[in-house]
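Enquirer: Only the shape, not the letters, is given here:
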């Protein structure tokens with residue numbers, strides 16, 4: 001009896017031990033794999049946070065629960081694994097087996113590294129990440145990370161600074177000049193900076209009519225007058241400058257200023273060089289855009305070219321688009337030179353076709369130049385040639401004379 005009970009207890013213990021052994025042996029260290037593409041990085045001189053992607057792959061056909069452990073974290077650093085889409089930290093997570101034909105990650109997480117409030121000295125810092133079973137008996141995978149902290153930027157006396165990659169641009173007065181400035185906040189706190197700008201010409205005067213606007217650099221077209229910049233961070237701003245069309249050639253200084261309510265301020269000089277550019281306009285000496293002509297006979301008008309631009313024009317070609325069978329000639333083409341704010345009259349001769357039907361026709365005149373062009377539509381009213389009237393009179397007289405001669409001759413008989 002006692003021997004039977006002893007055998008029963010031993011059998012039960014052996015069964016339980018077998019189950020535990022089977023359960024433990026069922027999980028292997030290769031069941032979950034960790035993949036993190038970036039293992040070493042250098043933070044920016046003003047950067048205080050960085051996020052790295054951590055992917056977990058379940059290589060089995062059953063779910064696995066893994067625990068996430070970090071070791072060798074530098075003193076004062078805040079390093080943790082966060083959910084990829086939501087802001088909460090992850091200590092343990094279920095890693096589901098992959099679906100058939102699915103090669104993607106079973107779980108994708110964020111490894112967030114936050115520097116201490118007091119920036120650590122420049123140097124190289126390392127820490128480790130391990131994924132284990134919940135009881136820590138099995139280590140599935142691990143990774144080592146290296147973070148390089150560079151020297152901080154030199155502090156500015158004003159607490160804010162402006163840098164410009166291309167501070168000087170040139171072009172005609174019809175252009176819009178676009179600069180990009182970078183505002184660095186070293187004030188020690190998040191702040192909002194007001195944005196202003198002014199123009200000074202070569203004589204130290206402030207010309208009127210200039211349009212200067214500010215807008216965010218990345219994908220936003222709205223115009224702004226202030227911008228918020230986090231402490232030890234920077235923001236990029238586009239500065240668009242549009243001068244009046246009649247601006248004289250020369251250099252113009254654009255002073256961009258930023259200032260917050262605490263009195264921190266900085267300014268950056270930008271240079272706009274206006275180059276001369278001619279602009280041609282076509283008209284007639286009388287201002288009229290119509291001309292009377294007779295079929296088969298030449299008619300003339302004076303084509304007036306005016307340079308309204310800020311630079312001289314050279315080699316302006318004149319051409320015409322007349323009706324079929326018509327001829328248009330210019331007294332001079334090309335025109336060798338036309339200074340700005342000057343005009344010139346060119347005699348233009350139009351010869352309608354001899355068989356042109358009386359009525360109104362359009363002749364388009366063109367002035368072509370690599371920098372500018374203009375066109376003018378001239379209405380030509382064609383009347384029938386007077387020679388046909390005289391020919392008609394002559395025919396009528398001849399008919400009368402012939403008939404009169406016949407009557408006289410027949411009357412004698």
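Expert: Perfect, thanks for sending it. Just so we're clear, the structure is a prediction, and the values are computed from it rather than from any experiment.
Enquirer: The residue nearest to residue 192 when sequence neighbours are not counted: helix or strand, and which one exactly?
Expert: Nearest residue to residue 192, sequence neighbours excluded (Cβ to Cβ, 6 or more residues apart in numbering): residue 228, at 4.6 Å. Using the backbone N, CA and C atoms, a C-beta is placed for each residue, glycine as well. Element membership for residue 228, per DSSP states H and E: strand 226-229.
Enquirer: which stretches of the chain aren't confidently modelled?
Expert: 1-26, 153-157, 219-220, 385-392, 411-413 (pLDDT under 70).
Enquirer: let's see it at 50
Expert: For the chain, the stretches with pLDDT under 50 are 15-25.
Enquirer: domains of it?
Expert: 32-149, 160-275, 283-387 (automatic domain parsing).
Enquirer: Any chance of a markdown table for those, columns distance to residue 402?
Expert: Formatted as a markdown table, the domains of the chain follow (distance: least, Cβ to Cβ, whole Å):
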| stretch | distance to residue 402 |
| --- | --- |
| domain 32-149 | 108 |
| domain 160-275 | 73 |
| domain 283-387 | 22 |
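Enquirer: could these go into CSV alongside distance to residue 393 and mean neighbour count?
Expert: Listed next are the domains of the chain as CSV, based on distance: least, Cβ to Cβ, whole Å; neighbours: other Cβ atoms under 10 Å:
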stretch, distance to residue 393, mean neighbour count
domain 32-149, 98, 15
domain 160-275, 60, 15
domain 283-387, 11, 16
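Enquirer: so which of these comes closest to residue 405?
Expert: For residue 405, the closest of the domains of the chain is domain 283-387, at 26.6 Å, according to Cβ to Cβ.
Enquirer: For residue 46, which non-adjacent residue is spatially closest?
Expert: Residue 46's closest residue in space is residue 232 (Cβ to Cβ, 6+ apart), at 4.7 Å.
Enquirer: coming back round to it: the domains of the chain: which one's closest to residue 400?
Expert: With Cβ to Cβ as the criterion, residue 400 lies closest to domain 283-387 of the domains of the chain, at 20.5 Å.
Enquirer: hmm, who's touching the helix or strand where residue 129 lies?
Expert: For residue 129, the host element (DSSP H and E) is strand 123-132. By Cβ atoms under 8 Å, 6 or more residues apart in numbering, the residues outside strand 123-132 that reach it are 32, 34, 36, 54, 56, 66-74, 77, 79, 81, 111, 138-149.
Enquirer: The same query, at a cut-off of 7 Å, please.
Expert: The contact list for strand 123-132, computed with Cβ atoms under 7 Å, 6 or more residues apart in numbering, reads 32, 34, 56, 66-74, 79, 111, 138-149.
Enquirer: Okay, now the sheet partners of it, with direction.
Expert: Take DSSP bridges as the rule and strand 123-132 pairs in its sheet with strand 64-71 (antiparallel), strand 139-149 (antiparallel).
Enquirer: Pretty sure residue 405 sits in a helix.
Expert: Yes - remark: residue 405 belongs to a helix, assigned using DSSP: H, G, I helix; E, B strand; the rest coil.
Enquirer: residues near it, how many?
Expert: Residue 405: 10 surrounding residues under other Cβ atoms under 10 Å.
Enquirer: separation between it and residue 399?
Expert: From residue 405 across to residue 399, the span is 11 Å (Cβ to Cβ, to the nearest Å).
Enquirer: try residue 368
Expert: Taking Cβ to Cβ, one finds residue 368 at 55 Å from residue 399.
Enquirer: Tabulate the strands paired with strand 123-132 (JSON lines), appending distance to residue 360.
Expert: As requested, the strands paired with strand 123-132 are exported to JSON lines (distance: least, Cβ to Cβ, whole Å):
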{"stretch": "strand 64-71", "distance to residue 360": "87"}
{"stretch": "strand 139-149", "distance to residue 360": "81"}
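Enquirer: follow-up on the earlier one: each with direction, which strands does the strand holding residue 228 pair with?
Expert: Strand 226-229 has these strand partners (DSSP bridges): strand 191-200 (antiparallel).
Enquirer: Give me the contact list for the helix or strand that comes right after the strand it pairs with.
Expert: Scanning forward in sequence from strand 191-200 by DSSP H and E, the next helix or strand is strand 211-216. Residues outside strand 211-216 that contact it (Cβ under 7 Å, 6+ apart) are 195, 197, 221-225, 237-242, 254.
Enquirer: and those as a markdown table, adding secondary structure and distance to residue 356?
Expert: A markdown table is the format used below for those (DSSP: H, G, I helix; E, B strand; the rest coil; distance: Cβ to Cβ, whole Å):
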| residue | secondary structure | distance to residue 356 |
| --- | --- | --- |
| 195 | strand | 65 |
| 197 | strand | 61 |
| 221 | coil | 54 |
| 222 | coil | 58 |
| 223 | coil | 57 |
| 224 | strand | 62 |
| 225 | coil | 63 |
| 237 | strand | 63 |
| 238 | strand | 58 |
| 239 | strand | 59 |
| 240 | strand | 53 |
| 241 | strand | 54 |
| 242 | strand | 49 |
| 254 | strand | 59 |
